[in-house]
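Peer 1: I need the structure of the sequence given here:
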Amino acid sequence: MGKRLNRTRPAELHRTDPHCVERSAVDHNGTDLDVVHRTRWVALAILLSVCATACVAALFIVDIPVTWHVWAAYLLVIPAVGLLLLSMLFVVKGQGHVTRLPFWMGFCFIVGGIAFDVWATLLQSPDLALEGNMVISALLYTDHDPDFIYVYGLGLQSILCCIMILLWAGFLRHRHAWFADVMNDAPLTYAEFLKATTGGGKLSWRQYIVPGRMSDFLCVYHVLLWTLPPMLVYAAAFRWYAGLDWFEIVPGPYSILGVRMMIGMAAVIFTLFFVWLYREFYTRTANAHETVQ
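Peer 2: Reported below is the predicted structural model:
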């Protein structure tokens, strides 16, 4: 549950300290909190686009005629391009400063993982006959021109790479607005802080777990910001893993041992994510308490 650093909520202290009352009004109506309101529909559109892309991609694991797989490969471009445009808008909507070191670290990790996987694929299987990607396999099986498959595959990988970079940059630009809105709910414990980071800061635990009305659902802006770091890190890490698999350095990702390693990798990523969130909670709560005093 986490240690209670202060039994009195900042909102309660604001009632007795005129300086804190003035600060509260500025924070509540400030630029950071305004960003949350203006970007929520973009966040919703991004989440829906991700779901649409996942639904189209899921058709490749369903036992349907191969011609349907080909049409699904063509349709996959539409939500991908839409997600690219929405990712650009997401970055533009952010008002925060993009710290160079985290951005370039994420940039190198994302681009490096995708480039390494593509390079390893072309090196080990130039004709793509051994490629495990079911989208590419569907195009190969229906005798599409190899040049078309190369253009399609590299084009889709480039779009994916740009989307991931833009979402990472967007997260860095929006993280201050995200935490500002979270701290506006004055969480006392780490559990309350986690609830607020997912958009449930104004909800009771009953409403958070079992929403009964539309107003009980989580804020999509917070849901997007919460899912972006672990999702992007895992996606990039998987591409590094897939590249290593071509050289038989690691077990295949679809083998039993490979699945266990994927689960372990996800567990490590989420553990580090929760540690980072705890650090943010402790630091921001301590700073808020010092400011109030």
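Peer 1: From now on I want contacts and neighbour counts done on CA atoms only, so please keep to that.
Peer 2: Noted.
Peer 1: Which pLDDT does the model give residue 32?
Peer 2: As predicted, residue 32 sits at a pLDDT of 68.
Peer 1: And residue 44, by the same measure?
Peer 2: Reported pLDDT for residue 44: 95.
Peer 1: which residues touch it?
Peer 2: 220-221 (C-alpha atoms under 8 Å, 6 or more residues apart in numbering).
Peer 1: And for the one 3 residues further on?
Peer 2: Residues in contact with residue 47 (C-alpha under 8 Å, 6+ apart) are residue 224.
Peer 1: Sticking with it, tell me its helix or strand.
Peer 2: Element membership for residue 47, per DSSP states H and E: helix 31-58.
Peer 1: which parts of that helix are buried?
Peer 2: Residues 32-33, 35-36, 39-40, 42-47, 49, 52-53, 56-57 are the ones in helix 31-58 that count as buried (16 or more other C-alpha atoms under 10 Å).
Peer 1: How about residues contacting stretch 158-177?
Peer 2: The contact list for stretch 158-177 (C-alpha under 8 Å, 6+ apart) reads 32-33, 35-36, 80-81, 83-84, 87-88, 90-92, 94-99, 103, 106-107, 110-111, 114, 225, 228-229, 232.
Peer 1: for residue 228, what are its contacts?
Peer 2: 167-168, 171.
Peer 1: Okay, it and residue 169: tell me how far apart.
Peer 2: Distance, residue 228 to residue 169, using C-alpha to C-alpha, to the nearest Å: 11 Å.
Peer 1: Please spell out which residues along the helix ranked longest in the chain are buried.
Peer 2: What stands out as the longest helix in the chain, according to DSSP state H, is helix 146-184. The neighbour-count check on helix 146-184 (16+ other C-alpha under 10 Å) flags 149-150, 152-153, 156, 159-184 as buried.
Peer 1: how close does residue 100 sit to residue 115?
Peer 2: 22 Å.
Peer 1: Looking at those two now, which is surrounded by more residues?
Peer 2: residue 115 (18 against 11; other C-alpha atoms under 10 Å).
Peer 1: tell me which element the more buried one falls in.
Peer 2: Going by DSSP H and E, residue 115 is in helix 100-124.
Peer 1: And the very next helix or strand once past that helix, what does it pack against?
Peer 2: Using DSSP H and E, the next helix or strand after helix 100-124 towards the C-terminus is helix 134-141. Applying 3 or more C-alpha pairs under 8 Å, 6 or more residues apart in numbering; DSSP states H and E, we find helix 134-141 packed against helix 66-75, helix 146-184.
Peer 1: contacting residues around residue 118?
Peer 2: Per C-alpha under 8 Å, 6+ apart, neighbours of residue 118: residue 243.
Peer 1: For the helices and strands packed on helix 134-141, give me TSV that also has distance to residue 243 and mean pLDDT.
Peer 2: TSV is the format used below for these (distance: least, C-alpha to C-alpha, whole Å; pLDDT from 0 to 100):
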stretch	distance to residue 243	mean pLDDT
helix 66-75	23	89
helix 146-184	14	94
